[in-house]
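Asker: Sequence first, predicted model second:
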Amino acid sequence: MTQSQNPVEGAPLIRPSTTEHPLYEAVVEACRTVYDPEIPVNVFDLGLVYTIDINAENEVEILMTLTAPGCPVAGEMPGWLQDAVEPVAGIKQVNVGMTFDPPWGMEMMSDEARLEMGFM
């Protein structure tokens, strides 16, 4: 099994987001208001938000990770993300889950985040 595959042959390690949902962009913008307190980049552009799944009832499931399992705000950051997304107009409910599989890596950062942090 390669690192880019999980036990279901060819299936992605990270479940795709529902990017076609009309509220997706508004949820992304809300995610961009949450910052890792140790890094001057928002959690979405850092690549910490793995999946944004919005169903037909406008219930949002977010799967996120942290830069490291021992992150001092590990217990708080999911709540920050939930608090940022819940007020988005049209959203019925938000649940934020945490995973460390696959582990976060710098390659998950957006170009904007890399530029902000001086990696480009």
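Answerer: Structure received.
Asker: looking at the protein, which helix or strand is least sure?
Answerer: helix 111-116 (a mean of 86; mean pLDDT, DSSP states H and E).
Asker: Give the other helices and strands that that helix contacts.
Answerer: Applying 3 or more CB pairs under 8 Å, 6 or more residues apart in numbering; DSSP states H and E, one finds that helix 111-116 contacts no other helix or strand. The way it works is simple: take the backbone N, C-alpha and C, and place the C-beta from them, glycine included.
Asker: Excluding its own residues, what touches it? List them.
Answerer: 40, 41, 42, 45, 46, 47, 106, 120 (CB atoms under 8 Å, 6 or more residues apart in numbering).
Asker: Among the residues you listed, find the lowest-pLDDT one for me.
Answerer: Model confidence across these bottoms out at residue 120, which has 66.
Asker: tally of neighbours for residue 52?
Answerer: 24 (other CB atoms under 10 Å).
Asker: quick one, strands of the chain?
Answerer: When assigned using DSSP state E, the strands of the chain occupy the ranges 49-54, 59-64, 93-98.
Asker: which neighbours does the last one have in its sheet, and in what orientation?
Answerer: Pointing back at strand 93-98 there. Using DSSP bridges, strand 93-98 pairs in its sheet with strand 59-64 (parallel).
Asker: residue nearest the centroid of this structure?
Answerer: Closest residue to the average C-alpha location of the chain: residue 49 at 0.8 Å, with CA atoms, centre = their mean.
Asker: Thought residue 102 was touching residue 13, still the case?
Answerer: Yes: with contact defined as CB atoms under 8 Å, residue 13 and residue 102 form a contacting pair (4.7 Å).
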